[in-house]
Every structure is written in structure tokens, then in C-alpha cells.
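**Q** What follows is a protein structure lacking sequence information:
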């Protein structure tokens, strides 16, 4: 008996897989990250920078056209009042939620592999949330009056309509943007001090100001830890509330396919799912480009792959619940909408979405697929596409197939829809490329902590 | 007088600080490239007061947001929107919640800057030779003590010996 | 390690952070005061007209009734600006050669109306009707000021939505009896609250609907 029990016992107590090389010293892990950003950037980086710069200029031109011509340049019409604008907003804000959610959840659950991914996941969050905020602003038609959404003592004596989810959305996004910027920056302070102490001249002054005179004293670390953990604890409910509010933007209406109690949690999971997919999509090039294979290992890819698989299962369940509720509710319009999703004008997009979000990630049951950068990247890109289709279809399927057959219609995006979307991807890439150049893409001090926890360095 | 000792590992620093705390009661501060939880109570047993500010700010923010919504929707400009009650507190809770978290975050960040002294770009501690390793792989402890003559000097020599015993790589001294 | 910053940098850092904290508030305060100041609302600003017409002389000193020129004020949304012929009812007889009136004579000769410039203009999305105000107890001077004392016409009130709402929320405070509508010097009497309530009933105004969105935005 004991011969059988012993290996099981060892298995249960086996130490978690190592995330850092067993002999990694504090100096080494510092160098791995810092030298990644200090060395000369190769041709690929410059070409990517040039391409994304051009894309950003195209986006500016698209915005210019929109502002000078009006919303009519978009594919939105009197029936499909929400199209690319709101769909892309929801897609970006979903990605923009994931970084903080991932970073906070993994910190609170003491997941050690967080140390290598949280920094760029948070940067992703910040850039994506800022881009997400751009869409509703442009969608206003007269974005220069966007401040009317804010409660301030104006000469019109008017106040926001607090009972509207759209106003909650504005409050939630504004709070979230400031929150995630503070969370990200706080984590960066000790790393800026590291960069200050290893650079010279102008760079040293800039990093010195950004490091706010960080000394690494026990007093500073104590307050830092206290603040950072509290922020993580606040971040989870904030993100959940933010994306629930995004879900309520739809669920508080009377439209078929929108007015569902499942929407808030379903949107939160969708956000985590698409966000994790985006983290993986970014992990593979960052790991390769900055030479971080030693700190972002196959173990990290494996863990993220499991998250995507879990997300795919929950999303599949959510879709199934939508179909079930449409049937079980007995409302003809709801049933008709589900039928329209599967067989109507956008059916091929719906099937593609189901394939990308539910079928393709099933590949990740296979451990070798989770540990292969190429396969994981392919899956995560599929999920990104699938989630984008989902966000778009939520808008256009319901709006073009609502209660009144007289108000059924079509939505076709125009060139200005596509340039704005492509441009926002370019701007995101541009910001990310600059981020990898000037900011440590991986939290150096948390890697040092990891080295101490794993016993590589004491 | 101030004395600075550098250690090659966090464990050595923790052991040295523990020994210092048993003998010497003077002011000391450590500088490390990563947070060492053991030092939190050894250097200064008082826990961080930072979260108190966050709690107060969160409550104040939530109350202010609730107050603003209540005032604007029921007193300053009541609008009958589809027969919903004017003081729609379930709807007001959403904004109040977001603002509570935002207030806590901002207050905590300000508290971090103030309590952590994070405006001091210039600080006497940066005058020490080699202190830049505190953001890489060096573990430092700085001890401040009075210099009033031979007795203190003997004490400083004893201190230096203690530090070296515990594995200090370098020990430096300077007049305040 | 050598210090990266001089000691003075600490002061600059603190001032900078403080400035960063104060900046949004001060910008808000600046905007708050600017949008309420006459620099923005144009209260008290004279408007250049083709002829320097003096309301003080005509309406004040000579006592010509407002409705002599602004004929539509009791009947229509627009109060009306007088055609050249209205000026000429007198000025074909008096001051016929005054240099100041040359544009009026030219307008008549060419059969081209004078281009009077608006002093008070509301945005297009505001539906404003003079007649409903004038015939329900709102006097001229409540919005246009003491016109009979103005040599040149100037904007008297800010015409912001908040200013409109001041009356629409509490109309009784400014309502006048019919005979006082065109009295430029009318001031609310001491018992205005009681009088105002009586006038509301007299005019049949349902005050609770005066702040409905569709009252002004159609």
C-alpha cells in the first residue's frame, strides 16, 4: 500500500513549476528586463513603428472626416443606430478591462506567474481603455460637447440623467481610466528607480523624476505594499462593475437579444476572455522581441492557455443560455432573432464567431498546444476575431431585426468605419511599441520577489 | 553620525537588522531592491496608516456622489422620466460605487506620496557610495547615532563589528 | 552615488505635484466664472446699428409706445422690427435733412430695408414666443431691461437657459398685471408673492408645466 501512496503524496505536495532559472540572481533578472529595452532596437521594431504611425495618421484623417462631415460618413443609419462605433467600443473596453482584472485577481490569489505578465497586461489595459473611450466620444456626433455628460454647475442648470446606464458608463469609464493609470504607475515607481540608477544624463533625469525619489526604504515598501494590495482588491469589483454597466447599456433597453439578465456577467466574462486572448497575442511578440524567454516561460503560456479554455467554455454556456432563454421565454420576437442569427443576413459572421470563440479554443485541452507559442498565438488571435464579431453582431443583429418588421434593415460599414477601426489598432500598436522601448515591459522588482520566493536568490 | 552597511542577500540583511534591534535602539532604515516582509515590523513596528485614508476617502466620495445625485435629481431639477421615482437610489448606487473606488485610489496615491516621502528627488541617502545598488541587488541598512565623544565612537566600532559578523560586505561611516 | 538632483529639485517637485493637483480645479473655476461673465454672455454690450437709434429719446423722452414699432409683440412669436416706412411716419416731416438719418432716406428711396442687428438672439433649438409672454404677465423690461433709459440698445440679461429657468420655475416672482407690461420702470411691489399667485390664477398659467422640456425645445 505504502508503495502506491508514497508517489501520490509526493505528487500532492510537489512544488509548483519553476518560473525562473534556478540560479537567477537579483542582478540577472534586472538585466534580463532592463537590457531588453536598453539595447538597440532592430529593423522589425522600426518597420512596425513606421507602419503603425501611418495607420495612426489614417485614423486621424478618418476622425477629421467624421468631424467635418458628420456621423453620416459611417455606416450607421436610422435602423442600425449602433454599428462599428459601439461594437468597437465594447471590444476595446473588454480588452481594456482584462489587464487590471488579471493583474488584481492573480495578485489576490497569489499566482506567482503574474510577475512576468502583469506590467504589459496593465499597459494593454490602459491603451485599450483610452481607445475605447474614443469611440463613444466620436459617436456623440458633437464630441466637443462631451463634457455635458459630467455633472458640473452649468449655465443651463442641467444635470446628467443619473438613472441612465449611459451616464453610469461615463462615470465608470472615467473612474476606471484614472484608476488603472494610478495602479500601473504605482507598480512602475520602483522600476523607474532601477532605470534611474542604471542610466546617465537626460534619461537619468527623466527616470529620476518618474521614480519620485524612490529609495527602496522599508518605510516606502511598507506603504507601497499596503497601497498596491488595496488597489488590487478594489480593482476586481471596479472592473466587474464597469463591464456590468457596459452590459446594462444593452440590457436596460427593450430590444430582443439585449434585454437579458445574463448580460452583465456575460459581458464581464467576455471581457476577461478577449482580454486574456489579447495578452497572449501580445506576449508572443514581446517575449521574442525583448528576449524575455527566460522570464516568460512555457509555464506562463500554459497557465494563460487554461484561462482562455475556461473562458471559451463559459462563453459557450452563455450563448447556449441565450438560445435557451429565447425559446423558454416564449417571446416570438426573441425566438425569431435567434433564428435570424443562425440563418439571417449575418449568419456567416455568427457561425465564424461561434467557431472562433467556442470551437477553436478546445484545442487547448491538449497540453502541448498550450505550451506552443505558435498554436497559442493562433488560438488567441482567433478569439480576438471571434470576440470582435460578437461585439459587432450584438449591435447589428438586434438593431436590424427588432420588434417591427417594418424597421428591419441592413448595416454595411463604410471606409471610414474601417479606417477608424484599423487606425485604432495602429495607434494601439504604436503606443505598445513605444511602451516596450521606454518602460520595463515586465515588472523588475516583482521578478526579484519571485526569485526570492522560488529560492533562486535570497 | 551615520553608518551604512551593505549585504549581499536579503536574508543576511534581515538577520543583521534583527541583531541590531536586540542591541541597538537607535534609528535605522533599510534600503532594498524588493520588499522584505520580515523588515516591516523589525524596522518600524507601526503598520502603514495608508489604508485609513483610502477608507475615509471612499466613504466621503460615495456620500458626496450620493448627495450630488440626490440634490440634482430631486431638488435642483426634478424631471419625471417615465414615472420613475426621483430619488432612485438603486440607480444612484452605481455612480456612488465607482466614485468611492476612484476616491480611495486617488487618496491612497496621494497618501503614498506624502507618507512615503516620494517628493524627495534629492535625499542625503543618495550621497552614499554604492547606494544605487539598492535598486538592483544590494541590501543596505543605515544607522543613525549621536557622536559626542569616545563612548559613542566605541559604540560605532562595536556596531561595525556586529555588522561584519552578520555578513556585511562593506561598512561605511560619515558625519550625519 | 552622486545625487541626480540638486536639493532645490525637491521644492520644484512638490510645487509641480501641487500644481498638478490644483490645475483641474482652477481651470474649472476659470470656466465657471468666464461662462457667467459679461465677456461671454454679452450683457451690457452695445451693438452697432445702421442708424444710431436711441430708445431713450423715442421711448423714454417722447413716450412712444413699444408696440408702435414692435407691432407683433402681442400677437406673434417674433416682436417685429419696424419697416423704414414706420420711421418715415415722423421723419418725412421732422429732421428731414438730418445727416444721421441719411441711411433711412436711402432705404426708402432704394426700397431696401434697413439691416438692424440683433441684440438678443437665442439658439435655433429654443422656441421662444413673445406673445405668450407679453399676454401672460411678463413685462418687456424683465428681459430687455429699462430700454427707455438706453441711448443705444444693449443686451440686459445673459439669456442662458439657467436664466430662463429662474422665471419658469418661479413665475409668480416676476408676473405683472396687464397695465404694467410696458412699464419700463416696474419693480415688484412688497406684496409680490401674494399678488404673483393671484396673477398666475388670473392668467390661467399652469406653473408646474413651465419646466417641461417641450415648452421651449420642440
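**A** Structure's in. What do you need? Computed from a prediction, not measured in an experiment: that's the story for all the values here.

**Q** Is it correct that residue B:12 is in contact with residue B:167?
**A** Yes. Contact criterion CB atoms under 8 Å: residue B:12 and residue B:167 qualify, at 4.1 Å. In short, each C-beta sits where N, CA and C put it, glycine included.

**Q** Quick one: name whatever helix or strand follows the longest helix along chain B.
**A** Longest helix in chain B, counting residues (DSSP state H): helix B:89-115. Downstream of helix B:89-115, the first helix or strand assigned by DSSP states H and E is strand B:139-144.

**Q** Can you name the next helix or strand after that following strand?
**A** Next along from strand B:139-144, by DSSP H and E: helix B:150-165.

**Q** what comes up buried for that next one?
**A** If you call a residue buried by 16 or more other CB atoms under 10 Å in any protein chain shown, then helix B:150-165 has these buried ones: B:155-156, B:159-160, B:162-163.

**Q** tell me which residues of the helix or strand following it are tucked away?
**A** Once helix B:150-165 ends, the next helix or strand along the chain (criterion: DSSP H and E) is strand B:170-174. Neighbour counts over strand B:170-174 (16+ other CB under 10 Å) mark B:171-173 as buried.

**Q** Equivalent analysis for stretch A:297-313, please.
**A** Buried residues in stretch A:297-313 (16+ other CB under 10 Å): A:297-305, A:307-312.

**Q** Mark which of those residues are part of helices, please.
**A** Short answer: these in helices (DSSP H) are A:298-305, A:307-312.

**Q** From residue A:64, how far off is residue A:150?
**A** 25 Å (CB to CB, to the nearest Å).

**Q** between these two, who's got more neighbours?
**A** Shown here are residue A:150 and residue A:64; by other CB atoms under 10 Å in any protein chain shown, residue A:150 has more neighbours (13 against 10).

**Q** Now that one: phi and psi?
**A** phi -90, psi 140 (degrees, to the nearest 10).

**Q** Report the next helix or strand after the helix or strand containing residue A:379 in sequence order.
**A** Counting by DSSP H and E, the element that carries residue A:379 is helix A:373-400. Helices and strands here follow DSSP H and E; after helix A:373-400, the next one along the chain is helix A:415-438.

**Q** Report whether whichever helix or strand comes after that following helix contacts chain B.
**A** Remark: after helix A:415-438, the chain's next helix or strand is helix A:444-454, criterion DSSP H and E. Yes. Counting by CB under 8 Å from any CB of the partner chain, chain B is contacted by helix A:444-454 at A:445, A:448-449, A:452.

**Q** where's the spatially closest residue to residue C:48 that is not a sequence neighbour relative to residue A:340, distance?
**A** Sequence neighbours aside, residue C:117 is the residue nearest to residue C:48 in space, at 6.5 Å (criterion: CB to CB, 6 or more residues apart in numbering or on different chains). Between residue C:117 and residue A:340 the computed distance is 58 Å (CB to CB).

**Q** same question, residue C:79
**A** Taken as CB to CB, the span from residue C:79 to residue A:340 is 56 Å.

**Q** And what about the closest residue to residue C:73 other than its chain neighbours, helix, strand or coil?
**A** Leaving aside its sequence neighbours, residue C:73 sits nearest to residue C:79 (CB to CB, 6+ apart; 4.1 Å). Using DSSP: H, G, I helix; E, B strand; the rest coil, the structure places residue C:79 in coil.

**Q** what about residue C:79, neighbour count?
**A** 19.

**Q** for it, what are its contacts?
**A** By CB atoms under 8 Å, 6 or more residues apart in numbering or on different chains, the residues touching residue C:79 are C:70, C:72-73, C:130.

**Q** Got the phi and psi for it?
**A** Per degrees, to the nearest 10, the backbone of residue C:79 is at phi -70, psi -20.

**Q** Look at it and report its pLDDT.
**A** On pLDDT, residue C:79 comes in at 89.

**Q** now residue A:35
**A** 83.

**Q** any idea how far it is from chain B?
**A** To chain B, residue A:35 is 12 Å away according to CB to the nearest CB, to the nearest Å.

**Q** Identify the residue nearest that residue in space, chain neighbours excluded?
**A** Per CB to CB, 6+ apart, closest to residue A:35 is residue A:291, 8.0 Å.

**Q** quick one: the one you found and residue A:36 touch, right?
**A** Yes. If you go by CB under 8 Å, residue A:291 and residue A:36 touch, sitting 5.4 Å apart.

**Q** Spell out whether the strand or helix carrying residue A:91 and chain B are in contact.
**A** Applying DSSP H and E as the criterion places residue A:91 in helix A:84-108. No. Against chain B, helix A:84-108 shows no contacts by CB under 8 Å from any CB, the least distance being 11.1 Å.

**Q** So for chain C, the centremost residue is which one?
**A** residue C:157 (4.3 Å; CA atoms, centre = their mean).

**Q** what secondary structure does that residue sit in?
**A** Residue C:157 ends up coil, using three-state DSSP.

**Q** Could you count how many residues lie near residue A:200?
**A** 8.

**Q** Now name the helix or strand holding residue 116.
**A** No chain in the question, so chain A it is. Using DSSP H and E, residue A:116 falls in helix A:114-139.

**Q** Which positions within that helix qualify as buried?
**A** Buried-residue list, helix A:114-139, by 16+ other CB under 10 Å: A:114-136, A:138-139.

**Q** Against chain C, how distant is the residue nearest the centre of chain A?
**A** For chain A, residue A:95 is the residue whose C-alpha lies nearest the centre (CA atoms, centre = their mean; 2.0 Å). Relative to chain C, residue A:95 is positioned 28 Å away (CB to the nearest CB).

**Q** what's the closest non-adjacent residue to that residue?
**A** Residue A:95 sits nearest to residue A:128 (CB to CB, 6+ apart), 4.1 Å away.

**Q** List the residues that contact the one you found.
**A** So residue A:128 contacts A:92-93, A:95-96, A:99, A:278, A:428 (CB under 8 Å, 6+ apart).

**Q** Show me what the lowest-mean-pLDDT helix or strand in chain B is packed against.
**A** Ranking every helix and strand in chain B by mean pLDDT, DSSP states H and E puts helix B:150-165 at the bottom, with a mean of 83. With contacts defined as 3 or more CB pairs under 8 Å, 6 or more residues apart in numbering or on different chains; DSSP states H and E, the packing partners of helix B:150-165 are strand B:2-7, helix B:10-23, strand B:170-174.
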